[in-house]
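Engineer: pasting a predicted model and its sequence here:
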Amino acid sequence: VCSSDLKLYLRKLPNGELVVRNWLSYSVELNKLFCSICMVFSNVKNRQTFSSEGMSDFRHSTQRVKEHEESLGHSLSVQAYFRAISNQNIEVKINVDLANQRKSEIINNREIVKRIIDIILFISKQHLAYRGKEESSSSLATTNFKINRGNFLELCLLLAKYDNIMKTHINKISCRKHDNKQGRGSHLPFLSKTFVNKVILILVSFLKEKIFLEIQKAKKFSVQIDSTQDVSVREQCAIIARYVYDGKVNERLISLINLKKSSGLALYNHLNEELKLMNLEIANVIGCSFDGAANMSGQYNGLQAHIKNNANYSVYTWCYAHVLNLVVCDTTECLIKCKNLFGLLNRTAVFFSESYKRDSVWKDQSNDFRTLKKICNTRWWSKARALEVIFGSHQNISDELYSNLLNALKYISCDQENEFDGK
């Protein structure tokens, strides 16, 4: 289009004002004029030259543009355009409503997830079990107190009593049709065991990432490792990192693994693999602390020896608490007076605990809810606790119950009706 035809893009109103024809477009490639509004909003039946093929009659371009501008098809297209931009078009309005509804659902779901995360954090902090025997969606609608839904669902129901968001969500779930299958699947959005496990794993990943960043900033750290069998006869190994961060000493559990072998080399390989997953170098280990077992403390094939080969500055320390416990145990077994003392304490605790009648005498005489402690070989503090209950601690001798114990034994020994022969 030449410069003389630029007046095509301006329309002169009766009052002399010039208005730009924003709808008029020129295609350089096709050398034709088009109406951009009619190309988008015109009906198929009302298609004209400006919306389909394009106008190329530039000799009479002024007249053709004016004819199109005053045509019925162009007027209808302009009306459709203004309805669309003002959201008066029914289809556009429906889409906007659906988008707003979806946005509201997302905001509501986020609020539900926030509450679920807080419940999970509370249960984890209190070391409580999550699951119960009855966790189906139908159990949420009943008020039967005999049903054990588990701590997680029970806390959700408790929160729903005082929180409208959780109340609405649980009511929506309980009103759904469900089958007779047990468990929490798709019928329990945000409350299923699968969702809870995913949240726990995400929280664990965030926690681990924070610990790893602190260790990386500390650069040097020490490790503590110990293993034991659980009730399922699996050897569980705990790995603890000890490091200084922000001027404070921190001890963090960084991994819990299931051992297939417990040799020194196998333990070292597990430790090295775990550290690699955390982007930590075993060469930065400056200390290690284990018990005195051969696979841990061995000078040539023990875990500490393998760590020493790859971390030259690593110092092995036999756990002082474990050493002290072994010393105390051996001392009490070697000295006849100590052996007799703890043996008598254990037999006394067994004597009262095996009969509810004798136990009631002890409670009456002691005026205390403390029970006599039995001595256990696998509990380091059992001997100290057995002594403290009867003789008190060195910090508070007045807390002793020795005289109460003598009174209880005297009361039982003076029984003339043989009331304490049986239980």
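Structural biologist: It's in.

Engineer: which stretches of the stretch 101-250 of the chain form strands?
Structural biologist: With DSSP state E, counting those that start in this stretch applied, the stretch 101-250 of the chain shows strands at 221-229, 235-245, 248-259, listed in chain order.

Engineer: now for the second one, which elements pack on it?
Structural biologist: If contacts are counted by 3 or more C-beta pairs under 8 Å, 6 or more residues apart in numbering; DSSP states H and E, strand 235-245 sits against helix 193-218, strand 221-229, strand 248-259, helix 264-277. In short, each C-beta sits where N, CA and C put it, glycine included.

Engineer: what residues sit buried inside that strand?
Structural biologist: Across strand 235-245, burial judged by 16 or more other C-beta atoms under 10 Å covers C237, I239, A241, R242, Y243.

Engineer: then the shortest one?
Structural biologist: When neighbours are counted by 16+ other C-beta under 10 Å, the buried residues of strand 221-229 are found to be F221, S222, V223, Q224, I225, D226, S227.

Engineer: quick check: the gap between the closest residue in space to V199 that isn't next to it in sequence and L153.
Structural biologist: Nearest residue to V199 in three dimensions, chain neighbours excluded: I120, at 5.6 Å (C-beta to C-beta, 6 or more residues apart in numbering). The gap separating I120 from L153 is 12 Å, by C-beta to C-beta, to the nearest Å.

Engineer: likewise for N171?
Structural biologist: Counting by C-beta to C-beta, the gap from N171 to L153 is 14 Å.

Engineer: quick one: which of the two has more around it?
Structural biologist: The neighbour comparison of N171 against L153 (other C-beta atoms under 10 Å) goes to L153, with 24 against 12.

Engineer: residue contacts, that one?
Structural biologist: Residues near L153 by C-beta atoms under 8 Å, 6 or more residues apart in numbering: G132, E135, S139, L140, L191.

Engineer: from these, which would you call buried?
Structural biologist: E135, S139, L140, L191.

Engineer: out of those, which is nearest to L98?
Structural biologist: L191 (26.4 Å; C-beta to C-beta).

Engineer: I'd say that closest one and I116 touch.
Structural biologist: Yes - assessed by C-beta atoms under 8 Å, L191 is found in contact with I116 at 7.4 Å.

Engineer: which residues are in contact with both of those two?
Structural biologist: Shared contacts of L191 and I116, counting by C-beta under 8 Å, 6+ apart, come down to C156.

Engineer: ok but N325 is inside a helix, no?
Structural biologist: Yes - counting by DSSP: H, G, I helix; E, B strand; the rest coil, N325 is located in a helix.

Engineer: pretty sure it is touching W381, no?
Structural biologist: No - the criterion here is C-beta under 8 Å, and N325 misses it with W381 at 9.1 Å.

Engineer: next structured bit after the helix or strand containing I286?
Structural biologist: Taking DSSP states H and E as the definition, one finds I286 inside strand 285-290. Note on strand 285-290: by DSSP H and E, the next helix or strand toward the C-terminus is helix 294-297.

Engineer: one step back: TSV for the helices and strands packed on strand 235-245, including mean pLDDT and distance to L98?
Structural biologist: Shown next, in TSV, are those (pLDDT from 0 to 100; distance: least, C-beta to C-beta, whole Å):
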stretch	mean pLDDT	distance to L98
helix 193-218	91	26
strand 221-229	89	54
strand 248-259	91	47
helix 264-277	90	44
